[in-house]
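Asker: predicted model and sequence below, questions to follow.
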Amino acid sequence: MLNYLSAEWYKLRHTKGIFLAFGFLLFLISLFFIPAMWLHRPTFEVYANAYIVTLMLGFFLAPIFAVRAFDDQYGRGTMKNEVVFGIPRSRIYLGKLAFGGLVGTGAALLVLAFYLGLCALIGGFGEENALLCIELCVRATLLVLPLWLASLSLAFLFQAVMRSTAMAVVVNYLLLIFLIPIALMGSDEPTASPILNFICRWFFVSPFRKLYVVPSITGLGDSWLVGVGWIAATTLLGLAIFSRKEIN
């Protein structure tokens, strides 16, 4: 598995597009700090709240990481080469999924460090509530990380079982656009609809509502429970389908 991950990393290092895209993302993040040049700059608390709110974008970035991890191997015809070479399908699936998760986690931690670094440059660490704001940003990242990995796992499932990368992305985004508002506006209180109850309580976006609990962010346990559950379920389903899928 380590050799497989190393090979995936080698391919990534020779793909300039992903690094340019990540650099552009950091540039967009830095635009948040333009108001710091004003006479009355925003407080660290404002920047912390902005960071927490924008964590929602991670769910929509997950399909992009899944596309890069799977690398359109059906369209380019390279998946057959790996299977013929004798690499077990389970290693292919788990290796690419794990690689996507590692890259995504590393990117999330870099974004957090970059954001807090910009806060330090504008002098935000000198504020009275700086430590509380840093704690909120870190806890928010830890809360969202398993949910984001669950979204990545679902996106990778679509990539692995659907021959068209574009169709897999479309289906993934339609699902996110339709279900995320329901999960965020719902509650844990039971209703007459079992499907609605499941979405509001167990959809991988549902624990995101805990981000808005004050005065501190709670729900880390629920977040990891739901996130790991989705990762396990989607991975097992993906392995079952991928192991029986005809590859031409």
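Answerer: Sure thing, it's come through.

Asker: what about residue 174, how many residues nearby?
Answerer: Applying other CB atoms under 10 Å, we find 10 other residues in the vicinity of residue 174. To be clear about C-beta, it is placed using only N, CA and C from the backbone, and glycine gets the same treatment.

Asker: element containing it?
Answerer: For residue 174, the element it lies in under DSSP states H and E is helix 165-185.

Asker: point to the residue nearest the middle of this structure.
Answerer: Most central in the chain under CA atoms, centre = their mean is residue 148, positioned 3.2 Å from the mean C-alpha point.

Asker: help me confirm that that one comes into contact with residue 107.
Answerer: No. Residue 148 lies out of contact with residue 107 (CB atoms under 8 Å); the separation is 10.1 Å.

Asker: before we move on, back to that, show me what the helix holding residue 174 is in contact with.
Answerer: Here helix 165-185 makes contact (CB atoms under 8 Å, 6 or more residues apart in numbering) with 56, 59-60, 63, 66-67, 70, 72, 74-75, 151, 154-155, 158-159, 162, 196, 199-200, 203, 205-206, 208-209.

Asker: and the residues you listed, which are buried?
Answerer: Buried subset of the contacts of helix 165-185 (neighbour count, 16 or more other CB atoms under 10 Å): 59, 63, 66-67, 70, 72, 74, 151, 154-155, 158-159, 162, 199-200, 203, 205-206, 208-209.

Asker: go through whichever strand or helix holds residue 239 and flag the buried ones.
Answerer: Under the criterion of DSSP H and E, residue 239 resides in helix 220-242. Of all the residues in helix 220-242, those buried under the rule 16+ other CB under 10 Å are 222, 223, 224, 226, 227, 230, 231, 234, 235, 238, 239, 242.

Asker: what's the most distant pair in those?
Answerer: Between any two of the buried residues of helix 220-242, the greatest separation by CB to CB is 29.7 Å, found for 222 and 242.

Asker: what's the weakest-modelled helix or strand in this structure?
Answerer: In the chain, no helix or strand scores lower on mean pLDDT, DSSP states H and E than helix 2-13, which sits at a mean of 67.

Asker: next SSE after it?
Answerer: Following helix 2-13 in sequence order, the next helix or strand is helix 16-30 (DSSP H and E).

Asker: enumerate every residue touching residue 211.
Answerer: With CB under 8 Å, 6+ apart, residue 211 has these contacts: 52, 55, 140, 143, 144, 217.

Asker: that one and residue 33: what is the separation?
Answerer: Residue 211 sits 21 Å away from residue 33, going by CB to CB, to the nearest Å.

Asker: separation between residue 47 and residue 57?
Answerer: Residue 47 sits 16 Å away from residue 57, taking CB to CB as the criterion.

Asker: higher neighbour count, these two?
Answerer: Each of residue 47 and residue 57 has its neighbours counted (other CB under 10 Å); residue 47 has more, 23 against 12.

Asker: pretty sure that one contacts residue 121?
Answerer: No. Look at residue 47 against residue 121 with CB under 8 Å: they stay out of range, at 11.5 Å.
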